[in-house]
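Novice: no sequence on this one, just coordinates:
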C-alpha cells in the first residue's frame, strides 16, 4: 500500500497513519487529539473506546499494538486517566516502545533518545493544550540514532 509523506514542523514522517485508543477516562482527550492529527494531515485510525462506559484499558493498548505490528499504523497514541496503565499494557508487546509524556520536552526526548513509537497521555493529569503540544512534538521529532541506537536495540 503506497504511503504519503507528511511534513510537520520541517520534518518529514514517512507514512502518516496513526492508531489511537483510549479507555473511558481518556475519551474526551482522545477526540481532541484525533482532530489535531487530522488537521495536521495524518490519517487516523480510532480503535476505541467510543462510549463513556467503563472499559478495560489493556484491550485498547493491545489494539494499537496490533495495528503497529501489522503495519496499519506508523505510530500510536494511547490515552487513559494517567497514561501509566496504557503504557504498561502496551509495553508488553516487544515491538512497542510506549512512553508516558507530561510535556513537550519529555515527548521530544522519548522520540530522539528512545525511538518511542507510542505516545501515552494522562487525561486526568494534563490539559488539552499541553497534550496537543506533546502530540505535535512526538510526531515531528526523529530518532537521533547514534549512541542511542545500541541502547534501543537492546529492547529487542
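Specialist: Yep, it's here. Everything quoted here is computed from the prediction, not taken from an experiment. Numbering: from 1, shown residues only.
Novice: where exactly do the strands run in this structure?
Specialist: Under the criterion DSSP state E, the chain contains strands at 5-8, 11-14, 17-22, 43-46, 75-80, 98-100, 118-122.
Novice: show me what the shortest one pairs with in its sheet, parallel or antiparallel.
Specialist: By that I understand strand 98-100. strand 118-122 (parallel) (DSSP bridges).
Novice: how about residues contacting the strand it pairs with?
Specialist: 26, 29, 33, 64-65, 68, 75-84, 86-87, 90, 96-102, 107, 110, 131, 134-135, 138 (CB atoms under 8 Å, 6 or more residues apart in numbering). Backbone N, C-alpha and C define where each C-beta goes, glycine included.
Novice: how about stretch 67-82: buried residues?
Specialist: Neighbour counts using 16 or more other CB atoms under 10 Å place 67, 68, 73, 74, 75, 76, 77, 78, 79, 80, 81, 82 of stretch 67-82 among the buried residues.
Novice: ditto for stretch 99-108
Specialist: Buried residues in stretch 99-108 (16+ other CB under 10 Å): 99, 100, 101, 102, 104, 106, 107, 108.
Novice: for the closest residue to the third one other than its chain neighbours, what are its contacts?
Specialist: When you say that, I think you mean residue 101. Spatially, and ignoring its direct neighbours in sequence, residue 101 is nearest to residue 107 (4.4 Å; CB to CB, 6 or more residues apart in numbering). Residues in contact with residue 107, defined by CB under 8 Å, 6+ apart, are 101, 119, 133, 134, 135, 137, 138, 141.
Novice: show me what contacts the nearest residue to residue 85 once chain neighbours are set aside?
Specialist: Using CB to CB, 6+ apart and skipping the chain neighbours, the partner closest in space to residue 85 is residue 57 (4.9 Å). Residue 57 sits next to 23, 78, 80, 85, 86, 89 when contact means CB under 8 Å, 6+ apart.
Novice: any idea of the pLDDT on residue 57?
Specialist: Looking at residue 57, its pLDDT stands at 98.
Novice: distance-wise, check residue 34 relative to residue 27.
Specialist: Using CB to CB, to the nearest Å, one gets 11 Å for the distance from residue 34 to residue 27.
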